[in-house]
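Novice: Okay, sequence plus prediction incoming.
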Amino acid sequence: MTLLLTTAGESHGPALVAIISGLPAGLVLDRSAIDADLARRQAGYGRSPRQRIESDRVEVLAGLRHGRTLGTPLALVVRNVDHASWVWGMSPWPPEGSPDGKGTRPVTVPRPGHADLAGALKYGLSDVRDALERASARHTAVAVAAGAVAKALLARIGVEVSGRVLDEAGLGRRVDEARADRDTLGGRVEVRAGGVPPGLGSYADKEERLDARLAAAVMGIQAVKGVELGEGFALAELRGSEAHDEIFRDAEGLHRRTNRAGGLEAGVSNGEEMVVRAAMKPLPTLMRPLRTVDLATGEPAEALVERSDVAAVEALAVVAEAAVAFELARAALEKFGGDSLGDFVAAHEAYRDRIDWRPRP
């Protein structure tokens, strides 16, 4: 059994859509918990006024009845409230009538650091909006909704996932300074997962390595430029005698007294707390635009200026949490299987009874 996530939608289109296939039947979902994660993604110091416009809420179109999954594809929708101002500009069909609202003029001045130029060259686009709408981080909203579903599944086997901002002290001051300079900021986040049993993932093939899969899931988030597992890059500066986590055994089972590996060895979870960190670059949409070239004329120009955040690192912590949760849920379903939630939980319990491991508080 494989858990799959497919998303669709544009930043200013009518809605964002996610289809999750492979969920077992019988998983109870809490709409308020999903909406709470959506609200967390919109919060944070330095977000744009758009976050106050959207007020994201999840809708379910298929795969759920009376709050329980059916074992069939789950279809989630998050509406773009701001689409009301973009109906003509983002119409899926050739729009009728006079141009009205936002998005009526072609974008020909790509932003350095965004998908604008690369997307225009790759797809042969004359209007950069055809690339930037999908490349926008707006579509992470529906990925967060999918992550909330994954967290509900993981909770049934005692796994908890949480994300936070690193170097949070002084963030507000730095955001204020960047805003005053019409600039943007990046930052670092950390995701921790407790209760992950040993044995998720595999060292047999690189495509099955859980460390590689987690790194790809987090690196795939907009504006992320670096990912490390455990102590990551710091391990390169240590000797082997300092870098690796020695193994001990007590009445509770096998365990480590350090966790420099971040809960992963050789692409397989080892039963310790999983730790994933990500570095986010400063956002590329600036109120003080950078130099670029107008693709229509070939002349020097200033990059597109559009409403954007000064900083979104607090949002990244929520999105990265969702990405890690979904990948862990996928690995857990591959390990334990089950068309029903009861089968999934029973297989996990049988495995725990077999191995010399107990999760630590």
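Specialist: Nice, thanks for sending it over. Remember, predicted model here, so these are calculated numbers, not experimental data.

Novice: drop to CA atoms for contacts and neighbour counts, all remaining ones
Specialist: OK.

Novice: Can you check which helix is longest in this structure?
Specialist: Criterion DSSP state H: the longest helix present in the chain is helix 313-336.

Novice: Quick one: list the elements packing against it.
Specialist: helix 31-42, helix 140-155, strand 160-166, strand 187-194, helix 210-219, helix 341-354 (3 or more Cα pairs under 8 Å, 6 or more residues apart in numbering; DSSP states H and E).

Novice: need those in CSV with mean pLDDT, mean neighbour count and distance to A120, can you?
Specialist: Shown next, in CSV, are the helices and strands packed on helix 313-336 (pLDDT from 0 to 100; neighbours: other Cα atoms under 10 Å; distance: least, Cα to Cα, whole Å):
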stretch, mean pLDDT, mean neighbour count, distance to A120
helix 31-42, 97, 19, 29
helix 140-155, 98, 25, 22
strand 160-166, 97, 20, 33
strand 187-194, 98, 22, 28
helix 210-219, 98, 21, 22
helix 341-354, 97, 16, 45
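
Novice: for these, which one sits closest to P106?
Specialist: helix 140-155 (24.7 Å; Cα to Cα).

Novice: which strands and helices sit next to the closest one?
Specialist: strand 4-8, strand 15-21, helix 31-42, strand 74-79, strand 160-166, helix 313-336.

Novice: quick one: that helix to chain centroid distance?
Specialist: Helix 140-155 sits 9 Å away from the centroid of its parent chain (Cα atoms, centre = their mean, to the nearest Å).

Novice: Could you save the helices and strands packed on helix 313-336 as a markdown table and add columns showing distance to L295?
Specialist: Formatted as a markdown table, those follow (distance: least, Cα to Cα, whole Å):
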| stretch | distance to L295 |
| --- | --- |
| helix 31-42 | 33 |
| helix 140-155 | 28 |
| strand 160-166 | 38 |
| strand 187-194 | 31 |
| helix 210-219 | 29 |
| helix 341-354 | 53 |
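
Novice: hmm, back to that, now the helices and strands packed on helix 140-155 in CSV, with distance to R358?
Specialist: As requested, the helices and strands packed on helix 140-155 are exported to CSV (distance: least, Cα to Cα, whole Å):
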stretch, distance to R358
strand 4-8, 29
strand 15-21, 30
helix 31-42, 28
strand 74-79, 32
strand 160-166, 15
helix 313-336, 16
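
Novice: which parts of stretch 324-344 are buried?
Specialist: Under the neighbour-count criterion of 16 or more other Cα atoms under 10 Å, stretch 324-344 has 324-341, 344 buried.

Novice: list the contacts for D339?
Specialist: With contacts defined as Cα atoms under 8 Å, 6 or more residues apart in numbering, D339 is in contact with 23-25, 71.

Novice: By neighbours, which of those residues wins?
Specialist: Neighbour counts for the contacts of D339 peak at L23, which has 29 neighbours (criterion: other Cα atoms under 10 Å).

Novice: any idea how far the residue nearest to that residue when sequence neighbours are not counted is from G22?
Specialist: Spatial nearest neighbour of L23, chain neighbours left out: G71 (5.6 Å); criterion: Cα to Cα, 6 or more residues apart in numbering. Note on G71: its distance to G22, by Cα to Cα, to the nearest Å, is 7 Å.

Novice: Wait, A301 touches R291, no?
Specialist: Yes. Taking contacts as Cα atoms under 8 Å, A301 lies within contact range of R291: 6.0 Å.

Novice: For G195, find the nearest of the helices and strands packed on helix 140-155.
Specialist: strand 160-166 (6.7 Å).

Novice: which residues touch H114?
Specialist: Neighbours of H114 in contact, by Cα under 8 Å, 6+ apart: 132, 284-285.

Novice: mind redoing it with 6 Å?
Specialist: P284 (Cα atoms under 6 Å, 6 or more residues apart in numbering).
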